[in-house]
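Visitor: Any chance you can model this:
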Amino acid sequence: MTSFQPVQRTGLTGVHYPWGISIEHIDFLDHSIATLSAEITERLCPFEAAFTILCSIPGVSGRTAEVMIAEMGVDMTRFPTPGQLCAWAGVAPASHESAGKRRPAGTRQGSTSLQIALVEAAKAASRTKGTYYSAQYSRLAKRRGANKATVAVAHSILDAAWHLLMNGTLYSDPGAGYFESRHDPHVEAKRLQRKIEALGFEVNIAPTAA
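Guide: Below is the predicted model of the structure:
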């Protein structure tokens, strides 16, 4: 009866690796990941409130929230406006000016790690049905394409994060019907009335007869 011989695999260098070494390497990687995860959890303890706030945003997972805290911090006074934070993160539109004319030039250069995390969050948020971000993505993707729509959602997520961290509140989603509600005839009529009155005219609005 022949004895069992362990199977060997050939690596890219042509060296034969027995199964035992591969298993030991996987165990080493698993141990390293567990050690790093424990250290990250420990270091996040002082930022637990900010972590909870960020995770309340659709599309933002625990790992994304960790990257956001590590890259931009939780003190939003460093960024006077949400626009400056979005530009720093590389999810704000850039433009070139020549001969007095401005033309779009993609997005600005920013924090690569934060930009990648936000784009992944935007993709997840766009697939979350019934939310503001899914509606935003659908509207923009039809006109500007999937990539630009994703960056726009990433911009909105970071903009919301700035306001939430500044106010210390959880995210409250406006809902997928937000854009439709903005075009409500009565709401639009009131907006136009205020605009005309600001120009010095008096306006009386009444619905037309059916």
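Visitor: From here on, just use CA atoms for contacts and neighbour counts.
Guide: Noted.
Visitor: What residues sit buried inside the top helix by length along the chain?
Guide: Using DSSP state H to define each element, the chain has its longest helix at helix 19-44. By 16 or more other CA atoms under 10 Å, the buried positions in helix 19-44 come out as Leu44.
Visitor: for stretch 69-85, same thing?
Guide: The neighbour-count check on stretch 69-85 (16+ other CA under 10 Å) flags 69, 72, 74, 76, 82-83, 85 as buried.
Visitor: With only the CA atoms kept, save that stretch in CSV.
Guide: Provided in CSV are the C-alpha atoms of stretch 69-85 (Å, rounded to 0.1, in the frame of the first residue of the first chain):
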residue,chain,number,x,y,z
ILE,A,69,-12.5,59.5,10.4
ALA,A,70,-8.8,58.5,9.7
GLU,A,71,-8.5,60.8,6.7
MET,A,72,-10.5,63.9,7.5
GLY,A,73,-10.9,63.7,11.3
VAL,A,74,-14.1,64.6,13.1
ASP,A,75,-13.4,68.3,13.8
MET,A,76,-15.2,70.0,10.8
THR,A,77,-14.1,73.5,11.9
ARG,A,78,-10.9,72.7,9.9
PHE,A,79,-13.0,73.1,6.8
PRO,A,80,-15.0,76.4,6.9
THR,A,81,-17.5,75.1,4.3
PRO,A,82,-18.6,71.6,3.1
GLY,A,83,-17.5,72.7,-0.3
GLN,A,84,-13.9,73.0,0.9
LEU,A,85,-14.1,69.5,2.4
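Visitor: What are the structural domain limits within the chain?
Guide: According to automatic domain parsing, the chain comprises the domains 27-176, 183-210.
Visitor: Strands of this protein, residue ranges please.
Guide: Under the criterion DSSP state E, strands of the chain are mapped to 8-10, 16-18, 93-98, 101-107.
Visitor: what pLDDT, on average, does the second one get?
Guide: Confidence for strand 16-18, expressed as mean pLDDT, is 55.
Visitor: Out of the domains of the chain, which gets the lowest mean score?
Guide: The bottom spot among the domains of the chain, by mean pLDDT, belongs to domain 183-210, with a mean of 79.
Visitor: could you measure the residue lying closest to Thr169 once chain neighbours are set aside against Ser172, distance?
Guide: Nearest non-adjacent residue to Thr169, counting by CA to CA, 6 or more residues apart in numbering: Ile53, 6.7 Å away. Separation of Ile53 from Ser172 (CA to CA, to the nearest Å) stands at 11 Å.
Visitor: So for the two, which sits in the more crowded spot?
Guide: Neighbours were counted for Ile53 and for Ser172 using other CA atoms under 10 Å; Ile53 has more, 18 against 11.
Visitor: Now stretch 185-198: buried residues?
Guide: Quick answer for stretch 185-198 (16+ other CA under 10 Å): Gln193.
Visitor: Centre of the chain to it, how far?
Guide: From the chain centre to the centre of stretch 185-198 is a distance of 33 Å (CA atoms, centre = their mean, to the nearest Å).
Visitor: can you tell me the distance between the two ends of stretch 54-74?
Guide: Separation of the first and last residues of stretch 54-74 by CA to CA is 10 Å.
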